[in-house]
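Trainee: what's the 3D shape of this:
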Amino acid sequence: EEIARLHGYEVVAAHTDYDPERLVRSVRLMIGRRVAGLAVVVSEMDPALIRELHAARTPCVFYDVGKPQERMTNIRVNYRRGIERLVEYLHDLGHTKLAFVGHHTTLGPTSEREAAFVNSVKKFAPEIEWKTEADRDAFEGGRLAVQRLLGSGFQPTAIVCVNDFMAVGVMRALREHGLRIPEDVSVTGFDNIRLAEYAEPPLTTVHIPRDEIGRLAFAALAPDREMPNLAGHEIVLEPEVVLRASTSRARR
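Mentor: Numbering: from 1, shown residues only. A predicted model of the protein is given here:
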């Protein structure tokens, strides 16, 4: 929105709350308003709706969905590599009992994170023991997932969380069980929202460059001499691990 206004555009926004019918209505509303370009930042999208957008000849940029084609640009983050880097980092710290806390969803980006965790720990088998647990996407979901995890008898020395929100709930549950972070259990998040920096202890996480995504989305929709023409391309962003105080070497 900031960069669009700097270039003389107004931004019309619609929030779909992961509702497919709401997404269809919002997209058709935007087409009806004859917007100059449409940025679709969703986790899933019906291919029929993508075809409808293509037929409308509206310049589009998708985040995490779709494929690049005429007037359509795709921006995605290599979530898999972000999780792989976390697992490799924890392994280098001597952690051999790892857990993954996710949430109940079939959304592509979050499912990809769990799949990446499983594939990564399998590379170190049988040296690494691992377990996954899931609950709803909320602070309380992270807390409940850890309660079940510890109740099962599995005692991880590090927990990889699907996002920063759930990681905060995970850390609370660990404290309730008398475990210290990171002395007893290291915890990592994903996304690097502002909360991660102000959590206690500050959370090691994977940074998703939201400002860069916004800049690239605008550049794909309204290219000018100040920006490269990205229309019709796929742009893949490599996430970086942000090291903070929630991780340390595994206890002996």
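Trainee: run the chain-centre distance for the helix or strand of the chain with the lowest mean pLDDT.
Mentor: Of the helices and strands making up the chain, the lowest-confidence element is helix 108-123, at a mean of 87, by mean pLDDT, DSSP states H and E. From the chain centre to the centre of helix 108-123 is a distance of 12 Å (C-alpha atoms, centre = their mean, to the nearest Å).
Trainee: which parts of the stretch 151-252 of the chain are helices?
Mentor: 164-176, 194-198, 210-221 (DSSP state H, counting those that start in this stretch).
Trainee: most tightly surrounded among the ones you listed?
Mentor: Stretch with highest mean neighbour count among the helices of the stretch 151-252 of the chain: helix 164-176 (a mean of 22; mean count of other C-beta atoms under 10 Å). To be clear about C-beta, it is placed using only N, CA and C from the backbone, and glycine gets the same treatment.
Trainee: which residues does the residue positioned nearest the centre of the chain bridge with?
Mentor: The centroid of the chain falls nearest to residue 191 when counting by C-alpha atoms, centre = their mean (5.3 Å). Judged by DSSP bridges, the bridge partners of residue 191 are residue 207.
Trainee: could you pull up the residues touching it?
Mentor: Contact analysis of residue 191 by C-beta atoms under 8 Å, 6 or more residues apart in numbering lists 163-164, 205-206, 208.
Trainee: so which of these is the most crowded?
Mentor: The most neighbours of any of these, using other C-beta atoms under 10 Å, belong to residue 205, which has 31 neighbours.
Trainee: what separates that one from residue 147, distance-wise?
Mentor: The spacing between residue 205 and residue 147, counted by C-beta to C-beta, to the nearest Å, is 22 Å.
Trainee: same thing with residue 79?
Mentor: Residue 79 is 27 Å from residue 147, by C-beta to C-beta.
Trainee: neighbour count: these two, which is higher?
Mentor: residue 79 (23 against 16).
Trainee: spatially nearest residue to the more buried one, not counting backbone neighbours?
Mentor: residue 112 (5.0 Å; C-beta to C-beta, 6 or more residues apart in numbering).
Trainee: neighbours of that neighbour, how many?
Mentor: 17.
Trainee: for residue 124, see how far away it is.
Mentor: Counting by C-beta to C-beta - residue 112 and residue 124 are separated by 20 Å.
Trainee: cool, residue 21 as well?
Mentor: From residue 21 over to residue 124 (counting by C-beta to C-beta), the distance is 43 Å.
Trainee: what about residue 50, how many residues close to it?
Mentor: By other C-beta under 10 Å, 19 other residues sit near residue 50.
Trainee: quick check: mean pLDDT of the helix or strand containing it?
Mentor: Element membership for residue 50 (DSSP states H and E) is helix 47-56. Helix 47-56 shows an average pLDDT of 90 in the prediction.
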